[in-house]
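Student: Please work out how this folds:
(2 chains)
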Amino acid sequence: MAGLRHFLNRHGKRLVVGLPLAWLLLFFALPLVEVAQTSFTEPRRGIPPFLPLWGFGEDGFFTHFNLENYGLLAQYSQDYLRPAGNSVRLAFFSTLICLLFAYPMAWWIARAGPSQRAILLVLVMLPFWTSSLLRIYALIGLLNPNGFINGMLIQLGLIEAPLRMMQTDFSIYMGMLLTYLPLMILPLYAVMIRLDEDLIDAAADLGASRTEIFRTIVLPLTMPGIIAGSLLVFIPAVGEFVIPALLGGPEQVMIGKVLWTEFFRNRDWPVASAIAMLLLAILALPIIYARYQDGRETALDRADATRGEAP
Amino acid sequence: MSQSPFIRIRNVTRRFGDVVAVDDLSLDIDRGELFCLLGASGCGKTTLLRMLAGFESVDSGSIEIDGIDMSRVPPAVRPVNIMFQNYALFPHMSVADNIAYGPRRAGLQRAEVEARVEELLRLVRMSGMGRRKPHQLSGGQRQRVALARALARRPKLLLLDEPLAALDKKLREDTQFELVDIQEKLETTFIVVTHDQEEAMTLASRIGVMEAGKLVQVDSPRTLYDHPKNSFIADFLGTVSFLDGRVDSLSGGMAQISGPIPVTAVDPGGLTVGDQVRMAIRPEKISLTRSPSGAVNEVEVTVEDMAFTGVASNYRVLGPGGVLLKLTQPNMRRGEPALEWEDTGFAAFDPADVVLLRE
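Tutor: Predicted coordinates for the structure are as follows:
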C-alpha cells in the first residue's frame, strides 16, 4: 500500500497526462497512420484487400509504394471532386444557416435570467438525448408529400397539391440545422455570457447606434464563439452522409457517400483511404493555419507589452 | 439664462418593482462643479447616475441638462458621458482606438480624431501608449484611458461611477488629485458617485449624501463634517462618538446637558430645558492626557483599545457609565510614552466641538 502511494505521489501527474495520451496515440494517431499508409498501397482481392506497404519477405525488406490511388483521384476528378465540392458547399451553407439561427438564440439565452438560462440550455441540448436517426425520420414525417405540414396546409385550403419539400435542398438543410444547431449555440453562448454589458452601454454612451454597437463591439468580441461553433458544425458536416442520403435527392452525391461506396461496395480500401486523406487535407490545413495565425497575434501582443516602457 | 442651474433634477422617482431606488429627489448642480454623490451601496446613487446618462428611464419628475429636458433624449445624443466603475474598455481595441471610438461615431475627420486622441493621451499622461491593448495596462493606466475615452466627445457633463474603487490605496491618493486637476483644467462638470467618504471629501466641492433614495444633506465637505444634519451623516462621514443626554439648563449661550457624562455645549439655538439630545464628537477633537488638565468637559477614562497607525493613534476608551469614546491622538513627538491598554487617563473636549443633533 505504502509503495503504491509513494508511486502515485511521484508519478501521479505523469500518469494523469500519460493515460489519455496513450489512449489518443493508440486509438486516434495509429488509425490515422494506418489510413495514410493504406492510401499508398496497391489494391488486391483478399483479406485485407490491399498489399502491405512494407514488410519482411523471403528477399528481406520490401516496400510496395503506390501513388496510383491519388492518380486515380486526379484522373477521375469529376467523380471525386464534384462530391467533395458538394460536401463543402453543403457544409458551408449548413454552417451559415446554423449561425444565423444560433446567434440570436444564444444571445437571448445569455441575456435571460439565471434560472431561465439553465432551462433553456437543457432544452437546447435535449435533442442530443434522442437518436439523431429518429429525429431525421420525424422530420421526414413532417415534410413528406402526405406528411403533417402538407396535410395541414391542404386542410386549411392554402394549397391544392402537396408541396415538394422532401429530397430538396430545403429538406437537407432542415436536417442539418436540426442536427447541428446545438453545436453552434453552445460556443456562442459561452462567449456571450462573458460579454460585459457595460461595454454595450459604454458604446451607446459614446454615440454608437445599435448597428454600430453590433459591428464594432458585439461581433468582434463574439468572434471566437463564431469560429469555434462554425468549426464544430463545418467539420462533421463535410463528412455527413446520413442526412443527404435520407433527406436529399439522388442527384447530389456527397463525398461521404463516395467514401462509403469505395469502401464497402468497391472494396477499394486504398482509394477510399486516399479520399479520406484528401478530405483531411481540405479540412485540417485551413484550421491549422488559422490557429497558427491566432497564436502569432497573441505572441505579438505579448511582445508589445514587454517592449513598452512604464510611464 | 445664467441664473438657471446647469443640471436641474426635479422630483425624480424611479422604482424597480417594490423597491424605490430614487425617491422624489431634487438637486441643482452648477456648471463646472465637481459634485459627489455619496452613499452606501443600494442607496440609489448609481441609479441616479444611470438616469443622468440615459440608461434608466425616469418614472416621474424631470432631468434638465443645460436647459434642455432629457426625458426623450437617448444616451448617444446626450451631452453626457460616463466613466464606468470597471472602466468598460473595449478589450479588442488599442488604447488609441478606445479613445477614438466616440469622436469617430460623431463623424470627425481622421486627422481631427488623431489630434484629439493625442491631446487626450497627453492630458492623462499616457502619451506614446496609444498602441497598447487594455490588458497590457496597469489598473491606474486603465483608469486614465477610461477617463480619456469618456472625455473624448467633449461632454458638458462627465459622470464617474466609483472612479477610484478599483485602484489600490496609494494609487488612489495620487489619482484623486490628478482627477481634480483635470477637472479644473477642462472646467467640465463632473458628478462622481462613490461610497468612499474620504474619496468624496478630497474630490468634491459639494457632496450630496444619499440614503434610501433620498438626499439627506447637500453641503461642502467641511460643513458636512462639522455640521452633520443627523447621526446617520455624522456616522457615515468619518468616525464619531455619540453621547445621549437631557438639557438641564441654558445660560449665556451654553447648554448644560446631563447624562452618563455631563457635558457643557455651545447652544446652537432652539433648545429648551428638558429636551432629549444626541451629541456627536469627532475623534480628533477629543484630547487624552495622563493627568487632569482642568478643562470644561473632562472625564476620567480607561483605555480599552489602541491602534497605532503612524500618523496618529486611534483609541477606544470607556468613560463613566460605560460610555464609549473614540478618539485620535496625533503622534506629535517621537518616543513619547503613549497611553496603553488598561491605562487610565483624562479625555476632554471643547464645548464648541459638540455637535447637537435633534432627532
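
Student: From here on, just use CA atoms for contacts and neighbour counts.
Tutor: Will do.

Student: Per-residue pLDDT of the residue of chain B found nearest chain A, please?
Tutor: For chain B and chain A, the shortest gap (CA to the nearest CA) falls at residue B:76, measuring 3.9 Å. Note on residue B:76: pLDDT of 87.

Student: Show me the shaky parts of the stretch 1-150 of chain B.
Tutor: The model of the stretch 1-150 of chain B has pLDDT under 70 over residues B:1-3.

Student: and it, which of its residues are near chain A?
Tutor: Contact residues, the stretch 1-150 of chain B versus chain A (CA under 8 Å from any CA of the partner chain): B:53, B:55, B:75-77, B:80-82, B:84, B:88-90, B:92, B:101-102, B:105-106, B:125-126, B:129, B:132-133, B:136, B:150.

Student: Let's see which of the residues you listed end up in strands.
Tutor: With DSSP state E as the criterion, strands contain B:80, B:81, B:82 from among the residues of the stretch 1-150 of chain B next to chain A.

Student: Could you count how many residues lie near the nearest residue to residue B:127 once chain neighbours are set aside?
Tutor: Once flanking residues are discounted, residue B:127 sits nearest to residue B:121: 5.0 Å by CA to CA, 6 or more residues apart in numbering or on different chains. Other residues lying near residue B:121 total 23 when counted by other CA atoms under 10 Å in any protein chain shown.

Student: Likewise for residue A:164?
Tutor: With other CA under 10 Å as criterion, residue A:164 counts 14.

Student: Please report how far it lies from residue A:143.
Tutor: 8 Å (CA to CA, to the nearest Å).

Student: And for residue A:170?
Tutor: Per CA to CA, residue A:170 is found 10 Å from residue A:143.

Student: These two: which has the busier surroundings?
Tutor: residue A:143 (24 against 15).

Student: Please state the backbone phi and psi of that one?
Tutor: Note on residue A:143: its backbone torsions stand at phi -90, psi -10 [degrees, to the nearest 10].

Student: One more: residue B:293?
Tutor: Note on residue B:293: its backbone torsions stand at phi -110, psi -10 [degrees, to the nearest 10].

Student: swap in residue B:79?
Tutor: Note on residue B:79: its backbone torsions stand at phi -80, psi 40 [degrees, to the nearest 10].

Student: which residues are in contact with stretch B:306-326?
Tutor: Contact partners of stretch B:306-326, identified using CA atoms under 8 Å, 6 or more residues apart in numbering or on different chains, comprise B:239-243, B:260-261, B:282-283, B:299-305, B:327-331, B:340-341.

Student: Give me the subset of those that lies in helices.
Tutor: Nothing among those maps onto helices, per DSSP state H.

Student: Buried ones from these, can you make that a PyMOL selection?
Tutor: Buried residues among the contacts of stretch B:306-326 (16 or more other CA atoms under 10 Å in any protein chain shown), as a PyMOL selection:
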select buried, chain B and resi 239+240+241+242+243+261+282+283+299+300+301+302+303+304+327+328+329
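
Student: which ones among the contacts of stretch B:306-326 are found in strands?
Tutor: Those of the contacts of stretch B:306-326 mapping onto strands are B:241-243, B:299-305, B:327-330, per DSSP E.

Student: re earlier: show me how far the helix or strand encompassing the residue nearest to residue B:127 is from its chain's centre.
Tutor: Following DSSP states H and E, one finds residue B:121 within helix B:110-123. Centroid separation between helix B:110-123 and its chain, computed with CA atoms, centre = their mean, to the nearest Å, is 32 Å.

Student: for that helix, packing partners?
Tutor: Judged by 3 or more CA pairs under 8 Å, 6 or more residues apart in numbering or on different chains; DSSP states H and E, helix B:110-123 is in contact with helix B:95-105, helix B:139-151.

Student: Just the buried ones out of the residues of the stretch 1-150 of chain B next to chain A, please.
Tutor: B:53, B:55, B:75-77, B:80-82, B:84, B:88-90, B:101-102, B:105-106, B:126, B:129, B:132-133, B:136, B:150.

Student: What distance do you get for the spatially most central residue of chain B to residue A:11?
Tutor: By CA atoms, centre = their mean, chain B has its centre lying nearest to residue B:200, at 2.5 Å. In this view, residue B:200 and residue A:11 are 57 Å apart by CA to CA.

Student: what residues are up against residue B:101?
Tutor: Taking CA under 8 Å, 6+ apart, one finds A:203, A:206, B:149 in contact with residue B:101.

Student: export those residues to a markdown table and tack on distance to residue A:277?
Tutor: Below are the contacts of residue B:101 laid out as a markdown table (distance: CA to CA, whole Å):
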| residue | distance to residue A:277 |
| --- | --- |
| A:203 | 47 |
| A:206 | 51 |
| B:149 | 52 |
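
Student: tell me the contacts of residue A:97?
Tutor: Shown in contact with residue A:97 (CA under 8 Å, 6+ apart): residue A:177.

Student: ok but it is inside a helix, no?
Tutor: Yes: under DSSP: H, G, I helix; E, B strand; the rest coil, residue A:97 falls within a helix.

Student: Excluding chain neighbours, what is closest to the residue of chain B closest to chain A?
Tutor: Residue B:76 sits nearest to residue A:207 (CA to CA, 6+ apart), 3.9 Å away.

Student: Run through the helices of the chain in chain order.
Tutor: Picked chain A for this. Assigned by DSSP H, chain A shows helices spanning A:2-24, A:30-38, A:68-75, A:77-110, A:114-125, A:132-143, A:148-155, A:169-192, A:197-205, A:210-213, A:219-239, A:242-247, A:255-260, A:269-307.

Student: Hmm, no, I was thinking of chain B.
Tutor: Secondary structure of chain B (DSSP H): helices at B:45-53, B:95-105, B:110-123, B:139-151, B:169-186, B:197-203, B:221-226, B:231-236.

Student: low pLDDT regions in chain A?
Tutor: Chain A contains residues with pLDDT under 70 at A:1, A:300-311.

Student: In it, what residue comes closest to chain B?
Tutor: Per CA to the nearest CA, residue A:207 is where chain A lies closest to chain B, at 3.9 Å.

Student: Does that residue touch residue B:100 like I think?
Tutor: No: contact between residue A:207 and residue B:100 fails when scored by CA atoms under 8 Å: they sit 11.6 Å apart.

Student: how many other residues sit next to residue B:56?
Tutor: 14.

Student: Then the one 5 residues further on?
Tutor: Counted with other CA under 10 Å, residues neighbouring residue B:61 total 15.

Student: From residue B:319, how far off is it?
Tutor: Relative to residue B:319, residue B:61 is positioned 50 Å away (CA to CA).

Student: Compute the number of surrounding residues for residue 20.
Tutor: Just going to use chain A. So residue A:20, with other CA under 10 Å, has 11 neighbours.

Student: that's the wrong chain, I wanted chain B
Tutor: Per other CA under 10 Å, the neighbour tally for residue B:20 reads 16.
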